[in-house]
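Peer 1: here's my sequence, what's the structure:
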Amino acid sequence: MSRMLIFGLGYSAGRLGERLAGEGWHVVGTTRDGRDGTLRFDDREAVLAEIAAATHILSSVPPVAESDPVLIQYGSVLARSRAWLGYLSSTGVYGDADGAWIDETAATGGGRRAARAQADADWLAIGARVFRLPGIYGPGRSPLDRVRAGEAHRVDVAGQVFSRVHVDDIVSGVMAGFDGPAGAYNLADDCPCSANDVVTFAARLIDCAPPPLVSLDDLSPMARGFYAENRRVANGKAKRVLGWTPRWPDYRLGLRALSAMTRPSPVSAAPPAASVDQR
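Peer 2: Numbering: from 1, shown residues only. Just a heads-up that it's a prediction; the model follows:
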């Protein structure tokens, strides 16, 4: 049986774990406190036992205090492991590109993500498949949810472009990487665009007025740092080397699907079940 150990069972990695478990994998995840049947990250004896048993190991844990906690605690063991290794990184490692297209040959370490870039490089050094992710959206975590909650905004910054990826396309990209060579892969959709366009489209889907434009000066320092970077993320390597194709290559398709999932149920009742099996 294939066994996956996931460090950091968060949104994207948790979605992967659910998919693998549904396909018959044995999946174990870690969290800081061992909640909901997971392993506590600092339960070294139990984690080492799972590392030894795993056929596949993935980390989605971001750097903490300028270092990668998984590599600090377990890096020497992981480097000797014969398991498949994967790491969920960020396209933030590329820094600002002034709106240009960026692929995996671009330099990393620029901008505000020095610790993430170092973790990215360290995972590559031990033979991992490193998946660099842009803005992630999916069920329960999308512009639709932010618009509904009154938390969305549009920012008055001309020429700003971002890439994004649906969480289920991350799952399929990681799974495609099971048979691919070690290295870095960008997992992004085919349609980089302004965040304002995405928010406006989300508002239209749920019949809301688009939120007003706000000034960059009105944002938090963290948010201003986000808008200080401008790039288009190319996904050609993952398509070419891994045979990956995003199911949601355009944010419009992804948001329409999410909107359909969350629309109110029809008022009329469903017809009664047929008396014979209908497949």
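Peer 1: only C-alpha atoms for contact and neighbour calcs from this point on.
Peer 2: Noted.
Peer 1: mind listing residues that contact the worst-scoring helix or strand of the chain on mean pLDDT?
Peer 2: Counting by mean pLDDT, DSSP states H and E, the chain has its least confident helix or strand at helix 221-227, which shows a mean of 82. Applying Cα atoms under 8 Å, 6 or more residues apart in numbering, the external contacts of helix 221-227 come out as Arg112, Gln160, Leu216, Asp217.
Peer 1: quick one: which of those is the most crowded by neighbours?
Peer 2: For the contacts of helix 221-227, the largest number of neighbours (other Cα atoms under 10 Å) sits with Gln160, at 20 neighbours.
Peer 1: assumed it was part of a strand.
Peer 2: No - under DSSP: H, G, I helix; E, B strand; the rest coil, Gln160 sits outside any strand and is assigned coil.
Peer 1: pretty sure it sits against Asp96.
Peer 2: No - if you go by Cα atoms under 8 Å, Gln160 and Asp96 don't touch, sitting 10.9 Å apart.
Peer 1: quick check: neighbours shared by these two?
Peer 2: Residues touching both Gln160 and Asp96 (Cα under 8 Å, 6+ apart): Asn230.
Peer 1: give me the element Val241 is part of.
Peer 2: helix 236-242 (DSSP states H and E).
Peer 1: for that helix, C-alpha coordinates in CSV please.
Peer 2: Provided in CSV are the C-alpha atoms of helix 236-242 (Å, rounded to 0.1, in the frame of the first residue of the first chain):
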residue,chain,number,x,y,z
GLY,A,236,4.8,25.1,-19.3
LYS,A,237,7.3,22.9,-17.5
ALA,A,238,4.7,21.1,-15.4
LYS,A,239,2.6,20.5,-18.6
ARG,A,240,5.6,19.3,-20.6
VAL,A,241,7.5,17.2,-18.0
LEU,A,242,4.7,16.0,-15.7
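Peer 1: after that helix comes which helix or strand?
Peer 2: Next in sequence after helix 236-242, counting helices and strands by DSSP H and E, comes helix 251-262.
Peer 1: could you list the buried residues of that next one?
Peer 2: Within helix 251-262, the residues that qualify as buried are Tyr251, Arg252, Gly254, Leu255, Leu258, Ser259, counting by 16 or more other Cα atoms under 10 Å.
Peer 1: how about stretch 59-66?
Peer 2: Neighbour-count burial for stretch 59-66, with 16+ other Cα under 10 Å as criterion, is recorded at Ser59, Ser60, Val61, Pro62, Pro63.
Peer 1: is it possible to export those to a markdown table including pLDDT, distance to Thr91 and secondary structure?
Peer 2: Listed next are the buried residues of stretch 59-66 as a markdown table, based on pLDDT from 0 to 100; distance: Cα to Cα, whole Å; DSSP: H, G, I helix; E, B strand; the rest coil:
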| residue | pLDDT | distance to Thr91 | secondary structure |
| --- | --- | --- | --- |
| Ser59 | 98 | 16 | strand |
| Ser60 | 98 | 14 | coil |
| Val61 | 97 | 15 | coil |
| Pro62 | 95 | 13 | coil |
| Pro63 | 95 | 14 | coil |
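Peer 1: of the residues you listed, which is the nearest to Ala152?
Peer 2: Comparing those against Ala152 with Cα to Cα places Pro62 closest, at 24.8 Å.
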